[in-house]
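Colleague: coords please:
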Amino acid sequence: MKKLTSILVSRIVFILFVLVLLLIIANGNKHYSNRVSNINSTKSLEAFRIISKYKIIEKKQSIYVNNMSEVKLYGPKGPVVFSGEMTGYGANCHGCNGTVSCPPRPNITESVMFNDSFYGSVHILAADSTIPCGSIIKITNVSFSPDAIYGIVLDRGGSVKGNIVDFLVEHESYAASNIGRQVNVSFEILRWGW
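Modeller: Numbering: from 1, shown residues only. Got it, this is the predicted structure:
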């Protein structure tokens, strides 16, 4: 009787061991997938580019600043957010010669967009010399676009000083009628220079 009980106990233990092992294998073999509802949204495309380039990246917390000296101090350390004014200028503006002042000096009479290797097609901006050429800026709170706009600093300007950013468009008439001078615009510098 002891021998029979011993055999039964050993078989039960063996069966339990096999079941636990199968459960462990089954749980470890699950496949998870993330789904994006709108892959064409700006945030989804930006996230895709970041993940594609770096595989895993930690998003830094934005630093809110009040003036250009703080922009210069904190800009290289991570995303910097400041409030300012936006104006517009056309590729055919008086004094414009068809190129911008920052390398690679694209011809703005052909296109007011720039193809950045990381951010894709972005708008060309003129900004204060505190913000280095090649900086990528996310712009929100403008009347002509409900979505965020991404731009690259590739130009300077005589009247573009401090927290004023100038937005390049095809024609001066469009800049005057659709952009004008907008206040309380939010600028987030995502990349500090090239």
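
Colleague: now the element after the helix or strand of the chain with the lowest mean pLDDT, going C-ward?
Modeller: The weakest-scoring helix or strand in the chain, judged by mean pLDDT, DSSP states H and E, is helix 42-54 (a mean of 56). Sequence order places strand 63-64 as the next helix or strand after helix 42-54, per DSSP states H and E.

Colleague: partner strands of that following strand, parallel or antiparallel?
Modeller: Strand pairing for strand 63-64, using DSSP bridges, gives strand 80-90 (parallel).

Colleague: tell me the first helix or strand C-terminal of the partner strand.
Modeller: strand 113-116.

Colleague: what about Ser121, which helix or strand?
Modeller: strand 120-126.

Colleague: go on, Ser173?
Modeller: For Ser173, the enclosing helix or strand under DSSP H and E is helix 172-174.

Colleague: go through that helix and flag the buried ones.
Modeller: For helix 172-174, a neighbour-count test (16 or more other CB atoms under 10 Å) marks Glu172 as buried. Where C-beta positions appear, they are placed from N, C-alpha and C, glycine not excepted.

Colleague: and that helix, what other elements does it pack with?
Modeller: Helices and strands touching helix 172-174, by 3 or more CB pairs under 8 Å, 6 or more residues apart in numbering; DSSP states H and E, are strand 80-90.

Colleague: between the strand it packs on and strand 120-126, how big is the angle?
Modeller: Relative orientation of strand 80-90 and strand 120-126, computed by axes from the mean of the first three to the mean of the last three CA atoms, to 10 degrees: 80 degrees.

Colleague: pLDDT weak spots in the chain?
Modeller: 28-59 (pLDDT under 70).

Colleague: what about the longest helix in it?
Modeller: Determined from DSSP state H, the single longest helix within the chain is helix 2-28.
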